[in-house]
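K.L.:
sequence-free structure coming up:
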Ligand code: ATP
Ligand code: MG
Ligand code: MG
Ligand code: MG
């Protein structure tokens, strides 16, 4: 992508409304535009990050055996009356009427809808286990939307729903999602700690929140430092092996970790003082087992091997991709701007032409641009007529992992500079080496 043809509305000033660094940097880097209270447009560079985050989530959901669908955002009140949640949900739910005066709502979550889909088709235990997920916009009329996309009213959620014959099967499904979540967050460069959590309005008796430690987090959390050194399961993890998956979950649930609501002072006191980590955290994911809470009132039953009908045992599993973008920035930035982990960076390389119009600079940049792209790299080529200082500031602000800098002096000698955004290390290399490095 040529920056001269791109839409990257950088802000020079710090926006006053932004209280936390991720919100400030997302606005300054031209990632988002606020449209209303808690609602945002994803501008081109923000959209690219969002897509990368969603793609990682998708790959790990698929790896764990979940199947992607896409349910609508607008749901009928009738469906929610079946579960009894229409009246319970309260003011966080946006309620709408259509022209026939039918009561609708903008989905804050999809347990009812997915249960309706399930009960319409699945009748036998032979079709289980089943896990359906989608990545779709949600609306929650939050009391305090704030911190940009961290707590929006309209936000993206990946929500998965598992269906099993009995508790044993549901527990195995829960464990698969637990491990998929560990892998998902690690791939985004984040250290997420699973903590015993309250189940809230979703209901149920087994639940973990995945928390990123950050000073700006809205939750108070308590955990054992041991988590910081636990190894995250690799890509070769066999999701078909229930025992192996259960073993990983055991390892990741043995040290103490709890959110404020579930905190147990007596257990906490038993941990050596040096190992206690009491901190603020950001909830980026939340998994629940809730058994028959929806299947029973909504009649989602299958025939078991015993020939009898059983209400299916269910769980639901949420991740907030838009909140994650902000959480990644909270965890990875410096004074100059964002530092994207390579896996979610909007582009891999910022190619900076320090002197557009200089024949050598232009021709070297064109050559590198073509070669890097041909090698499958996403390149943002700064071919604008801004001064070099401004270009460097922009590249640092938007945080692409690598900068390849082409200036007139180097160009004349057939050399370019490579800068690593994270370490700040700079290296002058020949054109051939640059081509080899990224080409
Ligand atoms: P919170 O405690 O922050 O209000 P929640 O517990 O209500 O979140 P869940 O119902 O567990 O949220 O939803 C699953 C995931 O969706 C959360 O873990 C979070 O990543 C994301 N999420 C929830 N609410 C918001 C929001 N208002 N803006 C952005 N993401 C959100
Ligand atoms: Mg909430
Ligand atoms: Mg919560
Ligand atoms: Mg939650």
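P.N.:
Structure received. Quick caveat, the model's predicted, so the values are computed rather than measured. Ligands and ions are numbered 1, 2, ... in the order given.

K.L.:
what bits of the stretch 201-350 of the chain have low per-residue confidence?
P.N.:
201-205 (pLDDT under 70).

K.L.:
Quick check: residues of it near ligand 1?
P.N.:
When proximity is defined as CB under 6 Å from any ligand atom, the stretch 201-350 of the chain approaches ligand 1 at 283-286, 318-320, 322-323. All C-beta spots, glycine's among them, are computed from the backbone N, C-alpha and C.

K.L.:
which ones among those residues are found in helices?
P.N.:
Among these, the members found in helices (DSSP state H) are 322-323.

K.L.:
Tabulate the residues of the stretch 201-350 of the chain next to ligand 1 in CSV, adding columns for neighbour count.
P.N.:
Below are these laid out as CSV (neighbours: other CB atoms under 10 Å):
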residue, neighbour count
283, 21
284, 25
285, 27
286, 24
318, 23
319, 29
320, 25
322, 26
323, 25
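
K.L.:
Tell me which two of the residues of the stretch 201-350 of the chain next to ligand 1 sit farthest apart.
P.N.:
Among those, the pair separated by the greatest distance (CB to CB) is 286 and 322, at 14.8 Å.

K.L.:
sorry, back to before: ok, of the residues of the stretch 201-350 of the chain next to ligand 1, which one's closest to residue 45?
P.N.:
Relative to residue 45, and with distances defined as CB to CB, the nearest of these is residue 322, at 14.3 Å.

K.L.:
That closest one against residue 158, yeah?
P.N.:
No: in this structure residue 322 lies outside contact range of residue 158 using CB atoms under 8 Å: 10.5 Å.

K.L.:
Nearest to ligand 1 within the stretch 101-250 of the chain, name that residue for me.
P.N.:
With CB to the nearest ligand atom as the measure, residue 155 is the residue of the stretch 101-250 of the chain nearest to ligand 1, at 3.6 Å.

K.L.:
Got the confidence number for that residue?
P.N.:
Per-residue pLDDT puts residue 155 at 98.

K.L.:
show me the contacts for it.
P.N.:
Shown in contact with residue 155 (CB atoms under 8 Å, 6 or more residues apart in numbering): 38, 137-138, 140, 149, 320, 322-323.

K.L.:
Now those in TSV, please, with extra columns for distance to residue 111.
P.N.:
Formatted as TSV, those follow (distance: CB to CB, whole Å):
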residue	distance to residue 111
38	23
137	17
138	12
140	14
149	24
320	17
322	21
323	20
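
K.L.:
Would you confirm that residue 184 contacts residue 54?
P.N.:
No: contact criterion CB under 8 Å: residue 184 and residue 54 do not qualify, at 10.7 Å.

K.L.:
Those two: which is more packed in?
P.N.:
residue 184 (28 against 17; other CB atoms under 10 Å).

K.L.:
Helix, strand, or coil at the spatially closest residue to that one that is not a sequence neighbour?
P.N.:
Closest residue in space to residue 184, ignoring its immediate chain neighbours: residue 60 at 4.4 Å, by CB to CB, 6 or more residues apart in numbering. Put simply, residue 60 is helix when judged by DSSP: H, G, I helix; E, B strand; the rest coil.

K.L.:
One more: the one 5 residues further on?
P.N.:
Assigned with three-state DSSP, residue 65 falls in the coil class.

K.L.:
sorry, back to before: helix, strand or coil: sort out the residue of the stretch 101-250 of the chain closest to ligand 1 for me.
P.N.:
strand.

K.L.:
beta partners of it?
P.N.:
Counting by DSSP bridges, residue 155 is bridged to residue 138.

K.L.:
Distance of it relative to residue 192?
P.N.:
For residue 155, the distance to residue 192 (CB to CB, to the nearest Å) stands at 18 Å.

K.L.:
same thing with residue 286?
P.N.:
Distance from residue 286 to residue 192, by CB to CB: 11 Å.

K.L.:
intersection of neighbour lists for the two?
P.N.:
residue 210.

K.L.:
Nearest to the middle of the chain, which residue? Look it up for me.
P.N.:
residue 321 (3.2 Å; CA atoms, centre = their mean).

K.L.:
ok, residue 179 - contacts?
P.N.:
64, 233, 237, 239, 245, 248-249.

K.L.:
Equivalent analysis for residue 322, please.
P.N.:
40, 50, 149, 152, 155-156.

K.L.:
Need the phi and psi values for the nearest residue to residue 111 once chain neighbours are set aside.
P.N.:
Nearest residue to residue 111, sequence neighbours excluded (CB to CB, 6+ apart): residue 294, at 5.1 Å. Dihedral angles of residue 294 (phi, psi; degrees, to the nearest 10) stand at phi -100, psi -40.

K.L.:
Verify the contact between residue 294 and residue 316 for me.
P.N.:
No: between residue 294 and residue 316 there is no contact under CB under 8 Å: 9.0 Å.

K.L.:
Find the residues that touch each one of the two.
P.N.:
residue 111.

K.L.:
How about the helix or strand where residue 363 lies, which residues are buried there?
P.N.:
Element membership of residue 363 [criterion: DSSP states H and E] is helix 359-374. By neighbour count with 16 or more other CB atoms under 10 Å, helix 359-374 contains the buried residues 360-362, 364-365, 368-369, 371-373.

K.L.:
any idea where the helices of the stretch 201-350 of the chain begin and end?
P.N.:
With DSSP state H, counting those that start in this stretch as the criterion, the stretch 201-350 of the chain has helices at 242-253, 265-269, 295-298, 321-331.
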